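Colleague: no FASTA, just this:
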(Lines give C-alpha, C1' and ligand atoms only; values in the text may rest on other atoms or scores of the structure.)
Protein backbone atom coordinates (compact mmCIF):
# COMPACT_ATOMS: atom_id res chain seq x y z
CA UNK A 1 0.00 0.00 0.00
CA UNK A 2 2.82 2.36 0.93
CA UNK A 3 4.57 1.61 -2.32
CA UNK A 4 1.48 2.54 -4.33
CA UNK A 5 1.14 5.87 -2.57
CA UNK A 6 4.79 6.55 -3.17
CA UNK A 7 4.38 5.71 -6.86
CA UNK A 8 1.39 8.00 -7.22
CA UNK A 9 3.30 10.81 -5.58
CA UNK A 10 6.28 10.29 -7.83
CA UNK A 11 4.21 10.48 -11.02
CA UNK A 12 2.10 13.51 -10.13
CA UNK A 13 4.84 16.19 -10.19
CA UNK A 14 5.94 14.93 -13.62
CA UNK A 15 2.38 15.24 -14.99
CA UNK A 16 1.89 18.71 -13.54
CA UNK A 17 5.28 19.69 -14.92
CA UNK A 18 4.34 18.58 -18.43
CA UNK A 19 1.15 20.64 -18.37
CA UNK A 20 2.74 23.69 -16.80
CA UNK A 21 5.70 23.84 -19.18
CA UNK A 22 5.19 26.01 -22.28
CA UNK A 23 4.94 24.07 -25.52
CA UNK A 24 8.31 23.62 -27.19
CA UNK A 25 7.98 25.59 -30.40
CA UNK A 26 10.52 25.60 -33.22
CA UNK A 27 12.58 28.78 -33.10
CA UNK A 28 11.37 29.77 -36.56
CA UNK A 29 7.68 29.55 -35.60
CA UNK A 30 5.71 32.23 -33.72
CA UNK A 31 4.30 31.25 -30.30
CA UNK A 32 1.21 29.07 -30.23
CA UNK A 33 -1.99 31.11 -29.85
CA UNK A 34 -5.69 30.76 -30.52
CA UNK A 35 -5.42 33.09 -33.50
CA UNK A 36 -2.64 31.02 -35.05
CA UNK A 37 -4.51 27.77 -34.40
CA UNK A 38 -7.66 29.14 -36.06
CA UNK A 39 -5.79 30.51 -39.08
CA UNK A 40 -3.96 27.21 -39.58
CA UNK A 41 -7.19 25.25 -39.16
CA UNK A 42 -8.79 27.33 -41.92
CA UNK A 43 -5.82 26.57 -44.19
CA UNK A 44 -6.18 22.83 -43.53
CA UNK A 45 -9.92 22.99 -44.14
CA UNK A 46 -9.29 24.76 -47.44
CA UNK A 47 -6.82 22.06 -48.45
CA UNK A 48 -8.45 18.91 -47.08
CA UNK A 49 -12.09 19.70 -46.25
CA UNK A 50 -14.01 19.01 -43.06
CA UNK A 51 -13.09 15.31 -42.89
CA UNK A 52 -9.42 16.13 -43.34
CA UNK A 53 -9.08 18.26 -40.21
CA UNK A 54 -7.80 16.33 -37.21
CA UNK A 55 -6.17 17.66 -34.08
CA UNK A 56 -3.06 15.60 -34.86
CA UNK A 57 -2.76 17.11 -38.35
CA UNK A 58 -3.37 20.57 -36.94
CA UNK A 59 -0.72 20.11 -34.28
CA UNK A 60 1.78 18.78 -36.83
CA UNK A 61 1.20 21.76 -39.10
CA UNK A 62 1.77 24.09 -36.14
CA UNK A 63 4.88 22.21 -35.01
CA UNK A 64 3.24 21.56 -31.66
CA UNK A 65 2.07 18.70 -29.50
CA UNK A 66 -1.64 17.85 -29.64
CA UNK A 67 -2.11 18.46 -25.93
CA UNK A 68 -0.68 21.96 -26.28
CA UNK A 69 -3.65 22.90 -28.46
CA UNK A 70 -6.02 22.35 -25.57
CA UNK A 71 -4.56 25.29 -23.68
CA UNK A 72 -6.19 27.47 -26.35
CA UNK A 73 -9.25 25.56 -27.66
CA UNK A 74 -11.66 23.14 -26.02
CA UNK A 75 -11.81 20.46 -28.72
CA UNK A 76 -12.12 19.96 -32.48
CA UNK A 77 -15.73 21.19 -32.46
CA UNK A 78 -14.48 24.43 -30.94
CA UNK A 79 -11.91 24.68 -33.75
CA UNK A 80 -14.65 24.27 -36.36
CA UNK A 81 -16.74 27.03 -34.74
CA UNK A 82 -13.81 29.43 -34.49
CA UNK A 83 -12.53 28.79 -38.02
CA UNK A 84 -15.99 29.21 -39.52
CA UNK A 85 -16.60 32.48 -37.71
CA UNK A 86 -13.14 33.77 -38.65
CA UNK A 87 -13.57 33.30 -42.40
CA UNK A 88 -17.02 34.92 -42.35
CA UNK A 89 -15.92 38.16 -40.75
CA UNK A 90 -17.42 41.19 -42.51
CA UNK A 91 -15.38 44.37 -42.55
CA UNK A 92 -18.08 46.49 -44.12
CA UNK A 93 -18.45 48.32 -47.40
CA UNK A 94 -15.78 50.77 -48.57
CA UNK A 95 -18.04 53.70 -47.62
CA UNK A 96 -17.53 54.69 -44.01
CA UNK A 97 -20.54 56.99 -43.80
CA UNK A 98 -23.92 55.30 -43.54
CA UNK A 99 -25.36 55.33 -47.02
CA UNK A 100 -28.93 56.06 -48.01
CA UNK A 101 -28.60 53.36 -50.66
CA UNK A 102 -29.85 50.45 -48.56
CA UNK A 103 -30.02 48.14 -51.57
CA UNK A 104 -26.38 48.78 -52.38
CA UNK A 105 -25.41 48.01 -48.80
CA UNK A 106 -27.37 44.74 -48.80
CA UNK A 107 -25.94 43.69 -52.17
CA UNK A 108 -22.39 44.39 -51.00
CA UNK A 109 -23.00 42.53 -47.73
CA UNK A 110 -24.41 39.43 -49.40
CA UNK A 111 -21.93 39.37 -52.28
CA UNK A 112 -19.15 39.53 -49.71
CA UNK A 113 -20.78 36.69 -47.76
CA UNK A 114 -21.03 34.51 -50.87
CA UNK A 115 -17.46 35.33 -51.93
CA UNK A 116 -16.15 34.41 -48.48
CA UNK A 117 -17.85 31.02 -48.61
CA UNK A 118 -16.64 30.35 -52.16
CA UNK A 119 -13.08 31.05 -51.02
CA UNK A 120 -13.65 28.51 -48.24
CA UNK A 121 -16.14 25.97 -49.68
CA UNK A 122 -16.24 23.92 -46.47
CA UNK A 123 -17.91 26.86 -44.72
CA UNK A 124 -21.18 26.40 -46.63
CA UNK A 125 -21.50 22.84 -45.37
CA UNK A 126 -20.59 23.77 -41.78
CA UNK A 127 -22.65 26.94 -41.34
CA UNK A 128 -26.13 25.35 -41.02
CA UNK A 129 -24.99 23.02 -38.22
CA UNK A 130 -22.60 25.13 -36.15
CA UNK A 131 -23.06 27.61 -33.33
CA UNK A 132 -23.38 31.13 -34.70
CA UNK A 133 -20.31 33.11 -33.67
CA UNK A 134 -19.92 36.87 -33.18
CA UNK A 135 -18.86 37.60 -36.77
CA UNK A 136 -21.87 35.79 -38.25
CA UNK A 137 -24.23 37.34 -35.72
CA UNK A 138 -22.80 40.78 -36.54
CA UNK A 139 -23.55 40.17 -40.23
CA UNK A 140 -27.13 39.24 -39.40
CA UNK A 141 -27.51 42.24 -37.09
CA UNK A 142 -26.21 44.63 -39.74
CA UNK A 143 -28.45 43.07 -42.38
CA UNK A 144 -31.48 43.31 -40.09
CA UNK A 145 -30.68 46.90 -39.20
CA UNK A 146 -30.25 47.90 -42.85
CA UNK A 147 -33.54 46.29 -43.90
CA UNK A 148 -35.34 47.85 -40.94
CA UNK A 149 -33.95 51.26 -41.85
CA UNK A 150 -35.19 50.68 -45.41
CA UNK A 151 -38.74 50.28 -44.12
CA UNK A 152 -39.16 46.52 -43.81
CA UNK A 153 -41.67 46.01 -41.00
CA UNK A 154 -40.62 44.09 -37.90
CA UNK A 155 -43.35 41.55 -38.65
CA UNK A 156 -41.63 40.77 -41.97
CA UNK A 157 -38.01 41.10 -40.88
CA UNK A 158 -37.39 37.48 -39.92
CA UNK A 159 -38.89 36.23 -43.19
CA UNK A 160 -36.72 38.70 -45.09
CA UNK A 161 -33.55 37.62 -43.28
CA UNK A 162 -34.15 33.89 -43.75
CA UNK A 163 -35.11 34.39 -47.40
CA UNK A 164 -31.82 36.17 -48.07
CA UNK A 165 -29.90 33.60 -45.98
CA UNK A 166 -31.44 30.76 -48.00
CA UNK A 167 -30.68 32.54 -51.26
CA UNK A 168 -27.00 33.06 -50.40
CA UNK A 169 -26.57 29.51 -49.10
CA UNK A 170 -28.29 27.94 -52.10
CA UNK A 171 -26.37 30.04 -54.61
CA UNK A 172 -23.07 29.25 -52.91
CA UNK A 173 -23.60 25.50 -52.64
CA UNK A 174 -24.80 25.31 -56.27
CA UNK A 175 -21.80 27.29 -57.55
CA UNK A 176 -19.30 25.31 -55.51
CA UNK A 177 -20.78 21.96 -56.52
CA UNK A 178 -21.49 22.65 -60.20
CA UNK A 179 -17.96 22.01 -61.37
CA UNK A 180 -18.38 21.15 -65.07
CA UNK A 181 -15.88 22.07 -67.76
CA UNK A 182 -16.88 24.05 -70.85
CA UNK A 183 -16.76 20.83 -72.86
CA UNK A 184 -19.03 19.03 -70.38
CA UNK A 185 -21.59 21.85 -70.50
CA UNK A 186 -21.50 21.94 -74.30
CA UNK A 187 -22.03 18.17 -74.48
CA UNK A 188 -24.96 18.36 -72.05
CA UNK A 189 -26.57 21.16 -74.04
CA UNK A 190 -26.07 19.16 -77.23
CA UNK A 191 -27.97 16.25 -75.71
CA UNK A 192 -30.79 18.64 -74.83
CA UNK A 193 -31.12 19.56 -78.48
CA UNK A 194 -32.18 16.00 -79.19
CA UNK A 195 -34.73 16.24 -76.37
CA UNK A 196 -36.12 19.64 -77.30
CA UNK A 197 -39.68 18.34 -77.58
CA UNK A 198 -39.56 17.27 -73.94
CA UNK A 199 -37.55 20.22 -72.58
CA UNK A 200 -38.20 23.05 -75.05
CA UNK A 201 -37.78 26.03 -72.73
CA UNK A 202 -34.47 25.17 -71.09
CA UNK A 203 -33.10 24.07 -74.45
CA UNK A 204 -34.16 27.36 -76.05
CA UNK A 205 -32.67 29.39 -73.18
CA UNK A 206 -29.47 27.32 -73.36
CA UNK A 207 -29.59 26.90 -69.60
CA UNK A 208 -26.69 24.48 -69.35
CA UNK A 209 -24.33 26.84 -71.18
CA UNK A 210 -24.99 29.78 -68.87
CA UNK A 211 -22.01 30.13 -66.54
CA UNK A 212 -22.47 33.76 -65.50
CA UNK A 213 -22.71 32.81 -61.84
CA UNK A 214 -21.93 36.26 -60.48
CA UNK A 215 -24.39 37.99 -62.80
CA UNK A 216 -27.12 35.47 -62.02
CA UNK A 217 -26.54 35.91 -58.29
CA UNK A 218 -26.80 39.69 -58.45
CA UNK A 219 -29.85 39.67 -60.74
CA UNK A 220 -31.65 37.07 -58.62
CA UNK A 221 -30.84 39.09 -55.52
CA UNK A 222 -32.39 42.09 -57.24
CA UNK A 223 -35.62 40.11 -57.71
CA UNK A 224 -35.68 39.36 -53.99
CA UNK A 225 -34.96 42.97 -52.98
CA UNK A 226 -37.70 44.20 -55.32
CA UNK A 227 -40.12 42.14 -53.24
CA UNK A 228 -38.69 43.55 -50.01
CA UNK A 229 -38.84 47.19 -51.12
CA UNK A 230 -41.50 49.12 -49.19
CA UNK A 231 -44.54 49.70 -51.38
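Modeller: That came through fine. Values in this document were obtained by computation on a predicted structure and should not be read as measured data.
Colleague: would you point out which residue is most central in the chain?
Modeller: The centre of the chain sits closest to residue 123, judged by CA atoms, centre = their mean, with a distance of 3.0 Å.
Colleague: any idea how far it is from residue 129?
Modeller: Distance from residue 123 to residue 129, counting by CB to CB, to the nearest Å: 12 Å. All C-beta atoms are positioned from the backbone trio N, CA, C, and that covers glycine.
Colleague: what do you get for residue 35?
Modeller: 24 Å.
Colleague: the more surrounded of these two?
Modeller: residue 35 (12 against 7; other CB atoms under 10 Å).
Colleague: ok, now which ones touch residue 81?
Modeller: 130, 131, 133 (CB atoms under 8 Å, 6 or more residues apart in numbering).
Colleague: pull out the buried members of those.
Modeller: 130, 133 (16 or more other CB atoms under 10 Å).
Colleague: in CSV: the contacts of residue 81, plus secondary structure.
Modeller: Formatted as CSV, these follow (DSSP: H, G, I helix; E, B strand; the rest coil):
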residue, secondary structure
130, coil
131, coil
133, coil
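Colleague: go through the contacts of residue 81 and say which is closest to residue 178.
Modeller: residue 130 (24.0 Å; CB to CB).
Colleague: okay, helices next: where are they in this protein?
Modeller: Secondary structure of the chain (DSSP state H): helices at 2-20, 34-48, 55-62, 66-69, 76-87, 102-119, 122-126, 134-150, 154-177, 182-193, 200-204, 213-228.
Colleague: now render those as a markdown table, adding mean pLDDT.
Modeller: Shown next, in a markdown table, are those (pLDDT from 0 to 100):
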| stretch | mean pLDDT |
| --- | --- |
| helix 2-20 | 39 |
| helix 34-48 | 97 |
| helix 55-62 | 96 |
| helix 66-69 | 94 |
| helix 76-87 | 96 |
| helix 102-119 | 95 |
| helix 122-126 | 92 |
| helix 134-150 | 95 |
| helix 154-177 | 93 |
| helix 182-193 | 84 |
| helix 200-204 | 87 |
| helix 213-228 | 94 |
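Colleague: which residues touch stretch 196-204?
Modeller: Contacts of stretch 196-204 (CB under 8 Å, 6+ apart): 189, 192, 193, 195, 208.
Colleague: same thing but at 6 Å, please
Modeller: Residues from elsewhere that reach stretch 196-204, judged by CB atoms under 6 Å, 6 or more residues apart in numbering: residue 192.
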